[in-house]
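Engineer: predicted model and sequence follow; I will ask about them next.
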Amino acid sequence: MAVPSYATPLERVWHYAYVAICVAIFFFLIAPIIVIMPLSFNAEPYFTFTEKMLSFDPEGYSTRWYDSLLTFGMQAPDAARDMSWWADAWANAKWVKAAKNSIIIGVCSTIVATSLGTLAALGLSRPEMPFRRTIMAILISPMIVPLIITATGMFFFYSNPCELLTIFGLNPQCGKLAGSYLGVILAHATLGIPFVIITVTATLVGFDQSLNRAAASLGANPRVTFFRVTMPLILPGVVSGALFAFVTSFDEVVAVLFIAGPEQQTIPRQMWNGIREQISPAILAVATLLVIFSIALLTTVELLRRRSERIRGLSPQ
Amino acid sequence: MKTTLIMSTALAGIAFGASAQEVNVVSWGGAYEASQVEAYNKPFAEETGIKVNMIAADNPATPLRAQVEAGNVTGDVFDVEVSDAIRLCDEGALVEIDPDMLPAAPDGTAAADDFVDGALLDCAVANIVWGTVISYNTTKFTDNAPTSAVDFFDTETFPGKRGLPKNPKRTLYLALIADGVPAAEVYDVLGTDEGVQRAFDKLDTIKDDVVWWEAGAQPVQLLADGEVSMTTAYNGRIFDAMVGEGQPFEVIWDGQYMDLDMFVIPVDAPNPEAAMEYLKFATDTQRLADQAQYISYGPARKSSAELVGMYKDGKTEMAPHMPTSPENLESAVLDDPEFWADHAAELSERFNSWLASS
Amino acid sequence: MANTALDPHAAITTTASGVATQPLTTADGKPLVRALARSQSRARRKAFLLVLPLLAFIVITFVVPIGQMLQRSFHNDGFSANMPNISAWFAQTERGTQPDDAAWQALAADLQASAEARNIGVVGTRVNYDMPGTRSLFTSTGRKVRKGIEPPYRETLLEIDEEWADPQLWATMREVSTPYTANFYLASVDRTRDADGNIQQVDENQRVYLMLFWRTFWLSGLITALTFVLGFPIAHLLATLPMRKSNLLMILVLLPFWTSLLVRTTSWMVLLQQQGVINDILVWLGVIGGGQRLQMIYNQAGTIIAMTHILLPFMILPLYSVMRTINPSYVRAARSLGATSWTAFRRIYFPQTLPGLGAGAMLVFILAVGYYITPALVGGSSGQLISNMIAQHMTSTLNWSMAAALAALLLGAVLVLYWLYDRLVGVDNLKLG
């Protein structure tokens, strides 16, 4: 990216202007994510940098908002911080509960999405697959269809999943999925599936089908072939697809707004409440933790991607 | 068919797995919810062992209707306005409540005589009396403070953004009051097409300066952050910010809108017995008096009024902050639940169209 | 030859035998073509079986629910199911028939029964959708006739409210007396029917939906353009830097991509508020006075800024992956042949980036058209999109048929774009990170 030696002076000026523009755009991309971090340590309940913060006075900073994530919703937040205090926080604090829900729902929906999605991706990447393009388009559509439409559709369907069977003259009673963990898990699995399909099929593009045939000709049955040959090669793609599916669920709020009951409040749902009700720096503390969480996930995905490229010999490194 | 079978088995498992020892209460969030947690939920859980889950909504009547119509009721007790209680009862969405089941006052007065007028309906029991009031941030108006609804619409003399709720019920009346309609005639005027037009015309004059709010806690936040200089808000929320948090707010009682809040139970509530227990417990004399100790809303029982004294800080007299105080009632608009039960849908539609068109 | 008519493969073999006198066979003597076809259809079946569980899952939890929801846009039995007698009268008579005694009697009986069954609100709401301002007529009349109603019915009803004689009301009741209707679609393009059934525009103060659709598409286009302007230089820089450096800078693009949508929206609220960081900096720099703080949030500006930021990675990533494959020697060749750097960029480099640009632009546009959360939080009233209107009809006014009709139109638009995307880019070329 250095200026070539034959560049005219005008081109030199343009080159530096271009670099400056790029720096500005990178700043635009990243600044909003960085700015909330120091603000989450604000000692005052405001969203701006106070005088004390700007002069790096330790008094201007505090961890009170992080503390409030634990105490909010507790039975006895002011009690001595012994074992029973922590037990109380674990059982009753709203943010802790939301985190537990987010993880349970995220993990379960990821398992559903990844297992079904990987299986389907294997089928889709076989050259013999009929109607490949149409089916692929259908499977990816949950990512494209506006969330509000998906969520409203699910709202009615999950309220009474058996209503559909009345068309066939049946009238079974099967309760409802809305307001249950299963409902939210299924909804999030649906939303996560396109990401699994995309990443796993991308990994399979570079997959040499003759490896499978070689294994078969050497006497391996299909199961052994899958677990000993195919799986190790596509594993990085599957894991990063799973991570995408997990993040999708972990970040999803519209479907939760429509179909979750009071027991299934997730972190984004709690944030939605918080943003609309009282944007105290407590929200920024959650946001900071989530940013750290996404940095960890991003690192994992990047490492996996490089590993996958190395295994398949695609990387120039 | 196999999938269906597996699915229905799984669903049945979940339906039976639900625990009976809890009750879901849908209320308005924020400081009001906090007062209900202190005054009702904690003692209720202690006495009965039933766990209370609080769910916040901008207006609990909306999720209630949606839940009943979709056949997916998750809340047990909802805290709604009178007009919504009437309307929902008309639509068959609520269970009927017999006033004889409610606990009598300590002196033995039957509940039916102990509640204030209009506080007992076929399907609802009132808990509090509350007002929507204008409030301003005193740091914004240091030399010339606003005093009336007229000043609210005067952005020349009193510059700054205005906060208003995103619904017709708590905006149209204010526009009419500011346009010179006496409080007692608001509904006569609003009952005619010309009156409605007049209210919208008045709102048009400040439309570009309005920040719209939906949840009860939002206007307080907007006022504290300086996003608006003046806003309407539920009087208890402003009280909580002023007295509880020491915010530099002031209340204008001119043109306050006074209303009752009611507890209702939807048909097909998941925990109907616990819901009824909660409703009885939360509307007894002591509980209603207790809740006025945490937020400046008046109790709906006459027998509770005598028990109301100081704010929880032990030094603030509650009476001057109550919407029911005689001096605060002088130019109050009293809610007309029948009017809103009939006209809410039409006026909401008109209001939303007006709001969306720029 | 008798069985050739039944077996198409046999026909093929016969044709093939025109060249070779004997059809090709496998080792065990079966025709090769048939054996191949069989093994191929077995492979197809196998591949399909792998996809089937997921396809069934998506159809059941996604396609069917949306279809079921959209059905509400043309089916609403709020009136017909609860007012059977008058609906039957409408079915027997022709449009424009004056209500006779039988009609008034049927209406009175239905009103009374419906009020008693506590579903008069549903009936009134249904009529109100087609003729605003009539819900109260049904509920208030219902409250008066719940205990019973005496003949003469016409006079009694007119005494309760003269509006019962309104021909427009009768025309509307006729409209809603069948459960199937196209009126919600008419309403979503700001049209309605008059008393004679002619389609006309709604009153000026109620025309919102076309304007909202237009705003949604306009803002989405603007946001797409902005992401292009901001994304192009970045993608170019990343594509031309050495791998090691560009991988490092790529993190700055991917981090926002992986960060929660709500976190990013919250950050923008913090930054853009009147008392927020940007206004503070501007005041501190002396660019604006303390009293002239800019309104950058709770209006269109808020929606545009936050959505541009959130969707920017979706533009950068496809652009980058195309730019990586562009051979730099083309541009060098152009330069060595005397082209200025601008000409070389415009004529040689830029045309090669078009596939990436197309993919990014379509993806950003499709996603922007359906955005809900961000406009809801930072858009105020002028920054609301059509999704927010759907949400409002879903959760607040509870006009679900209207929500479904608007959703159907939005979905139609998105699917057309998606189809185009598939044709031009191919869904299997979608890449993440």
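Structural biologist: Cool, got the structure.
Engineer: hey, let's count contacts and neighbours off CA atoms from now on
Structural biologist: Will do.
Engineer: put the alpha carbons of stretch B:125-144 into CSV.
Structural biologist: What follows is stretch B:125-144, C-alpha atoms only, in CSV (Å, rounded to 0.1, in the frame of the first residue of the first chain):
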residue,chain,number,x,y,z
VAL,B,125,-61.0,-4.0,41.5
ALA,B,126,-59.2,-0.7,41.7
ASN,B,127,-56.0,-0.3,43.7
ILE,B,128,-54.8,3.2,43.2
VAL,B,129,-55.8,6.7,42.1
TRP,B,130,-53.2,8.4,40.0
GLY,B,131,-52.7,11.5,37.9
THR,B,132,-50.9,12.4,34.7
VAL,B,133,-49.2,15.8,35.3
ILE,B,134,-47.0,18.3,33.6
SER,B,135,-43.5,18.5,35.0
TYR,B,136,-40.5,20.5,34.1
ASN,B,137,-36.8,20.6,34.9
THR,B,138,-36.1,23.6,37.1
THR,B,139,-32.6,24.1,35.7
LYS,B,140,-34.1,24.9,32.3
PHE,B,141,-36.3,27.7,33.5
THR,B,142,-34.3,29.7,36.0
ASP,B,143,-36.0,33.1,35.8
ASN,B,144,-39.5,32.4,34.4
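Engineer: what is the neighbour count of whichever residue of chain B sits closest to chain C?
Structural biologist: Residue nearest to chain C within chain B (CA to the nearest CA): B:Asp342, separated by 4.4 Å. For B:Asp342, the neighbour count with other CA atoms under 10 Å in any protein chain shown is 24.
Engineer: thinking C:Ile386 is in contact with C:Thr216, fair?
Structural biologist: Yes. Shown here, C:Ile386 and C:Thr216 form a contact pair, counting by CA atoms under 8 Å, at 6.2 Å.
Engineer: check what pLDDT B:Asn59 gets.
Structural biologist: On the pLDDT scale, B:Asn59 is placed at 88.
Engineer: for it, helix, strand, or coil?
Structural biologist: At B:Asn59, secondary structure determined by DSSP: H, G, I helix; E, B strand; the rest coil is coil.
Engineer: if I look at it, how far off is C:Ala334?
Structural biologist: Distance, B:Asn59 to C:Ala334, using CA to CA, to the nearest Å: 66 Å.
Engineer: more neighbours: which of those two?
Structural biologist: The residue with more neighbours, out of B:Asn59 and C:Ala334, is B:Asn59; 21 against 18, by other CA under 10 Å.
Engineer: contact partners for the more buried one?
Structural biologist: B:27-28, B:80, B:215 (CA atoms under 8 Å, 6 or more residues apart in numbering or on different chains).
Engineer: quick one on the thing from earlier: and the helix or strand the residue of chain B closest to chain C falls within, what's buried?
Structural biologist: Assignment of secondary structure by DSSP states H and E places B:Asp342 within helix B:337-356. For helix B:337-356, burial by neighbour count (16 or more other CA atoms under 10 Å in any protein chain shown) applies to B:337-338, B:340-356.
Engineer: walk me through the domains of the chain.
Structural biologist: Let's take chain A. A:1-37, A:40-92, A:99-311 (automatic domain parsing).
Engineer: oops, I was thinking of chain B
Structural biologist: With automatic domain parsing as the reference, chain B has domains B:20-129+B:260-321, B:132-257+B:341-356.
Engineer: near chain B, anything from stretch C:289-305?
Structural biologist: Yes. Using CA under 8 Å from any CA of the partner chain, stretch C:289-305 reaches chain B at C:Tyr298.
Engineer: repeat for stretch C:272-287
Structural biologist: Yes. Against chain B, stretch C:272-287 shows contacts by CA under 8 Å from any CA at C:273-275.
Engineer: so what touches that stretch?
Structural biologist: If you take CA under 8 Å, 6+ apart as the criterion, stretch C:272-287 is touched by A:47-49, B:225-227, C:269-271, C:288-290, C:293-297, C:302.
Engineer: what about that stretch, average pLDDT?
Structural biologist: Across stretch C:272-287, pLDDT averages out at 87.
Engineer: with adjacent residues omitted, what lies nearest to B:Gly163?
Structural biologist: Nearest residue to B:Gly163, sequence neighbours excluded (CA to CA, 6 or more residues apart in numbering or on different chains): B:Thr231, at 4.1 Å.
Engineer: for the one you found, list each beta-bridge partner.
Structural biologist: B:Ser135, B:Gly163 (DSSP bridges).
Engineer: which ones are touching it?
Structural biologist: Residues near B:Thr231 by CA under 8 Å, 6+ apart: B:134-136, B:162-164, B:219, B:223.
Engineer: biggest separation within those residues, which pair?
Structural biologist: With CA to CA as the measure, no two of the contacts of B:Thr231 lie farther apart than B:Tyr136 and B:Leu164, at 12.4 Å.
Engineer: the more surrounded of these two?
Structural biologist: B:Tyr136 (27 against 23).
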